[in-house]
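Participant: using only what follows, build the 3D model:
(one chain, ligands or ions: 1)
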Amino acid sequence: MLIGLMRRLLSDQKGSVAAVVLLQLIQAAANLLLPTVNAAIIDDGIVPGDTGVISRLGIVMAGIAVVQAAAAIAAGYLGAVVAMRIGHRLRAEIFARIQSLSSLEVARFGTQSLTTRATNDTQQVQSFAILVFTMLVAGPAMGVGGIILALQQDVALSAVVIVIVPLLVLIMALIVRRLIPLYRDGQELLDNAGGILREQIIGASAIRAFVRQDHETRRFARANSSLTANNLQSALLVAGMLPLIMLVVNLSSVAVVWFGGHRIQAGEMNLGALTAFIAYILQILLAIMMSMYVLMTAPRAAVCAERISAVLDTKPSVADPADPPPSRPAVAAKDPVTPLAGPGALEFRGVGFSYPGAEVPVLADLNFVAAPGTTTAIVGSTGSGKSTLLNLVPRFLETTEGSILLDGADVRELPLDLLRRSMSIVPQHSHLFSGTIADNLRMASPGASDHELWEVLEAAQTMRFMRDLPLGLATPVGQGGTNLSGGQRQRLCIARALLRKAPLYLFDDSFSALDYDTDTRLRQALDVRLAAATRIIVAERIAAVEDAHLILVLDGGRLVAQGTHGELLESSSTYREIADSQLALDGPQ
Ligand SMILES: Nc1ncnc2c1ncn2[C@@H]1O[C@H](COP(=O)(O)OP(=O)(O)OP(=O)(O)O)[C@@H](O)[C@H]1O
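Facilitator: Below is the predicted model:
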């Protein structure tokens, strides 16, 4: 998985990768040459007392050292650039994929896990890439070259190499095998701790209101301790490995000096050759350590690559039609504002929807027509499926039964962008983004003039608070709109939706935070402004939908009645119950 991912990410950087490999080979070759030249200085210069050879070979050695340093620096620099580009591309890809996922897929991974995958996991793969580009070629090259040159210096002494190399590889394999599951658990524990933290930050007021700080502190402490225990275990394994390797290295150096000394005394080896041999043994061990270090980080990077690939390989359940029918206006698929040319007639034909894994459908057999120039209200008890129904229209969720038609076209056959441009939505939870009020409004229509912004702000009944803002449209909005009241946020979201000129408007319980007067004025303004459009309004209060041209009564996901307020009071017991209960709650007006 990791290798496949890296190969794909490096496909457009082949030139740079080749350069890094070449530079690492130069660096390794220079490293390998130094002990041989050093041996020659000892055997041909120092032992016979030839200062000419010493100076000449000394200059050669210095030259090689400079080449080695230059190649190492260049390889490190270029390797870092390539690795950073990998990280950049991976973050961009995962961000784009998350953007394309439907709310169901996002829920399956979990918001926190997606955040960790896009940040921490990507970072791990990037760090691994840096190690690969600084060590992975130079390490084996030095190791193999070192073995060949050591053999060349003294075949008999090379028996030491034959013993220690497999021993080191065995130590490494055992430790890496233990590390992989630990790293996998570690990433999940990180998700978990992050998720709890996120929930506690978002729900801080509820936690304080119910005096649950101690409980939440304990909950986080448990997650934190599990994460720490996991990290400690892997850190101990890594920490234990280094002394083990050093022990093997030192023992092998002692063995080389011991046997080498005897061979020199027996006249079977030169002093220079022994010096070179010791240097090569150290280089071989260093190469093994470098490769091992890369391989030790590989398990974590592999786990992260697996987690990233799981997101990248997820096919969004809601996607553009593979082949939009030619009769459909493939118009302006890329044009950012133009909606469908039709009047916005919406029809549900036998529509049903089930959440994945649910035993019973949330919505079943819905049939109705919402005509242009009319308001269709959806009423029903909590959990009856009103929001789910609205979410099917822009295909935030995909219908599992029947079809939804917009101006006669099945919404699944329209390009997604075009479909969503053809409607304007006020979601149940008002969400604003960091920036100014103007930035937030212009999300709906980037080219809108200030005059148009003020117009929609007025229609959305925001003037009472907008007038008090000294910076007006330039007033900064905090992330999520936290510096505004619930009602203010809701009205700004309505203004944002009004700014988009579309044939279809969807309001999901969008007037709940408004007082009675504002609500009435707002509805009047909407009736004028959106007179020609198709309006679908989910509402809790019957009083708010009395004037609707068509009222749909949902009960347990089924459309139990439809008609005007007057008709439903006559014909629908469910509607009457809702109306009576609200009348009882509101009391006589
Ligand atoms: N992501 C989900 N996965 C599984 N079930 C869900 C999901 N979202 C909603 N439901 C279920 O679907 C049903 C309908 O939910 P929906 O939000 O559409 O109701 P609603 O009528 O809009 O409620 P409210 O008036 O409280 O906003 C509920 O029973 C809810 O438990």
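Participant: can you tell me the SS state at the closest residue to residue 312 other than its chain neighbours?
Facilitator: Distances taken as CB to CB, 6 or more residues apart in numbering put residue 97 closest to residue 312, at 5.5 Å, once the chain neighbours are dropped. (Glycine included, C-beta is placed from N, CA and C.) When classified by DSSP: H, G, I helix; E, B strand; the rest coil, residue 97 comes out as helix.
Participant: confirm for me that residue 97 is in contact with residue 311.
Facilitator: Yes: here residue 97 lies in contact with residue 311, judged by CB atoms under 8 Å, at a distance of 5.7 Å.
Participant: show me the beta-bridge partners of residue 405.
Facilitator: For residue 405, the beta-bridge partners are residue 347, residue 410 (DSSP bridges).
Participant: list the contacts for it?
Facilitator: 345-347, 349, 411 (CB atoms under 8 Å, 6 or more residues apart in numbering).
Participant: if we use 10 Å, what do you get?
Facilitator: Residue 405 is in contact with 345-349, 369, 411, 413, counting by CB atoms under 10 Å, 6 or more residues apart in numbering.
Participant: enumerate the residues of this protein near the ligand.
Facilitator: Residues of the chain that fall close to the ligand, judged by CB under 6 Å from any ligand atom: 107, 355, 358, 362, 380, 382-388, 509.
Participant: try 8 Å
Facilitator: Within the chain, the positions near the ligand by CB under 8 Å from any ligand atom are 103-104, 107, 355-358, 362, 380-391, 428, 508-509, 538, 540, 554, 557.
Participant: which of these count as buried?
Facilitator: Buried members of those, scored by 16 or more other CB atoms under 10 Å, are 362, 380-381, 384-391, 428, 508-509, 538, 540, 554, 557.
Participant: in helices, which of the residues you listed fall?
Facilitator: Applying DSSP state H to these, the entries found in helices are 386-391.
Participant: output the residues you listed in JSON lines; the columns should cover distance to residue 70.
Facilitator: Below are those laid out as JSON lines (distance: CB to CB, whole Å):
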{"residue": "386", "distance to residue 70": "69"}
{"residue": "387", "distance to residue 70": "64"}
{"residue": "388", "distance to residue 70": "64"}
{"residue": "389", "distance to residue 70": "68"}
{"residue": "390", "distance to residue 70": "64"}
{"residue": "391", "distance to residue 70": "60"}
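Participant: give me the common contacts of residue 97 and residue 311.
Facilitator: Residues touching both residue 97 and residue 311 (CB under 10 Å, 6+ apart): 105, 114, 118.
Participant: what helix or strand does the first one sit in?
Facilitator: When elements are defined using DSSP states H and E, residue 105 is found to belong to helix 103-109.
Participant: centre of the chain versus that helix, how much separation?
Facilitator: Here helix 103-109 is found 12 Å from its chain centre; the criterion is CA atoms, centre = their mean, to the nearest Å.
Participant: contact partners of it?
Facilitator: If you take CB under 10 Å, 6+ apart as the criterion, helix 103-109 is touched by 97-98, 101-102, 113-117, 191, 307, 310-311, 314-318, 355-357, 391, 396-398.
Participant: the residues you listed, buried ones only, as a PyMOL selection?
Facilitator: In PyMOL, a selection of the buried entries from those looks like this (16+ other CB under 10 Å):
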select buried, resi 97+98+101+102+113+114+115+116+117+191+307+311+314+316+318+391+396+397+398
